[in-house]
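In: Quick one, what's the 3D model for this:
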Amino acid sequence: MPTIWDNLESMMSQNFKDFEHIVIDGGSDDGTLDILEKFKNAYNLYWISEPDGGIADALNKGLSIAKGRYIIVIQADDRLLDPDTLEKVYPLLGSKKVDIYSFPVVLDHRDSCKVLRKPIRWLWWNHFKFILPHQGCFVKRTVFDQVGQFRTEFRINMDYDFFYRAFANKVSVKFGEFPVAIMGDSGIGSDSSYMIKRLEEERWVQILNEKNLIWRLAQFIFNAFYKIYKIKFLSSNPRKR
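Out: A predicted model of the protein is given here:
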């Protein structure tokens, strides 16, 4: 059964109801549409099913029709943690007036264990690695208006690229203390065959976005050693990323 069932169920069960859930399906034939039909009258759910140009293109379709003040990306194999998740987050978004509110997420290794993944609060570390799990990020809609949508030339690291551009534009960031989502481990970036591609895209993000020469030199040195480390020690275990 497609994992989107758990995703939809977690949305439907939220105590807080003033939200919209937009699902962008790439014209699948795996039973996803049958599941969506079962939930269509259960809560404020809307979906599109048609071929797309990849993950970034699908995300941009959702952004183009979203009406909410804050947007969170919850992919098909992710889900909100508890029924009171949005109920707890909403007052924080209203009181802080922040551009990005980042919370921890729970990484679900379905055949082993669950691991708490916290955002890295040293924003400067984003120069080297992606620091915010996007499943835990509530992003103000105006940030997308300011820096643009997801770049479709990225197949894996479109979220890293987006947040890199956002930080370059000096957006405000706050951090929550409690986890808000469960992150599945079956996404494209979790496949070991994509490890080298992911590293290459991370480097591409940095080259495309970084203007400071000192940071660019630091990134060049870091990536030279990091790529060797990843290939040598982690190629057989992509979970230790």
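
In: could you turn the strand or helix carrying residue 225 into CSV, dropping everything but the C-alphas?
Out: Counting by DSSP states H and E, the element that carries residue 225 is helix 213-229. Extracted in CSV, the C-alpha atoms of helix 213-229 (Å, rounded to 0.1, in the frame of the first residue of the first chain):
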residue,chain,number,x,y,z
LEU,A,213,35.4,34.1,-1.8
ILE,A,214,36.5,33.0,1.6
TRP,A,215,33.4,30.7,2.0
ARG,A,216,34.0,29.4,-1.5
LEU,A,217,37.5,28.4,-0.6
ALA,A,218,36.4,26.8,2.6
GLN,A,219,33.8,24.8,0.7
PHE,A,220,36.3,23.6,-1.8
ILE,A,221,38.6,22.3,1.0
PHE,A,222,35.7,20.8,3.0
ASN,A,223,34.2,19.0,0.0
ALA,A,224,37.5,17.5,-1.1
PHE,A,225,37.9,15.7,2.2
TYR,A,226,34.2,15.0,2.8
LYS,A,227,33.7,13.2,-0.5
ILE,A,228,36.6,10.9,0.2
TYR,A,229,35.0,10.2,3.7
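
In: what does that helix rub up against?
Out: For helix 213-229, the external contacting residues (C-beta atoms under 8 Å, 6 or more residues apart in numbering) are 127, 128, 199, 202, 203, 206, 207, 210. C-beta here means a position set from N, CA and C on the backbone, and glycine is covered the same way.

In: how about it: buried residues?
Out: 219, 223, 226, 227 (16 or more other C-beta atoms under 10 Å).

In: Please enumerate the strands of the chain.
Out: Secondary structure of the chain by DSSP state E: the strands cover 21-25, 45-49, 70-71, 79-80, 100-102, 105-108, 114-117, 137-140, 173-175, 181-184.

In: sorry, back to before: closest to residue 13 out of the contacts of helix 213-229?
Out: For the contacts of helix 213-229, the minimum distance to residue 13 (C-beta to C-beta) is 35.4 Å, reached by residue 202.

In: okay, the closest one: pLDDT?
Out: Predicted confidence (pLDDT) for residue 202: 94.

In: In contact with it, which residues?
Out: Shown in contact with residue 202 (C-beta under 8 Å, 6+ apart): 129, 130, 157, 160, 223.

In: do you know how far the second one is from residue 211?
Out: Computed as C-beta to C-beta, to the nearest Å, the residue 130 to residue 211 distance reads 19 Å.

In: what do you get for the last one?
Out: Computed as C-beta to C-beta, the residue 223 to residue 211 distance reads 17 Å.

In: The third one too?
Out: In this structure, residue 157 and residue 211 are 19 Å apart, going by C-beta to C-beta.

In: Mind checking which of those two has more residues around it?
Out: Neighbours per residue, other C-beta atoms under 10 Å: of residue 157 and residue 211, the larger number sits with residue 157, 23 against 7.

In: Spatially nearest residue to the residue nearest to the spatial centre of the chain (excluding sequence neighbours)?
Out: In the chain, the C-alpha nearest the mean C-alpha coordinate belongs to residue 134, at 2.8 Å (C-alpha atoms, centre = their mean). Spatially, and ignoring its direct neighbours in sequence, residue 134 is nearest to residue 159 (4.5 Å; C-beta to C-beta, 6 or more residues apart in numbering).

In: Wait, the one you found touches residue 135, no?
Out: No - using C-beta atoms under 8 Å, residue 159 is not in contact with residue 135, being 9.6 Å away.

In: higher neighbour count, the two?
Out: Neighbours were counted for residue 159 and for residue 135 using other C-beta under 10 Å; residue 135 has more, 27 against 22.
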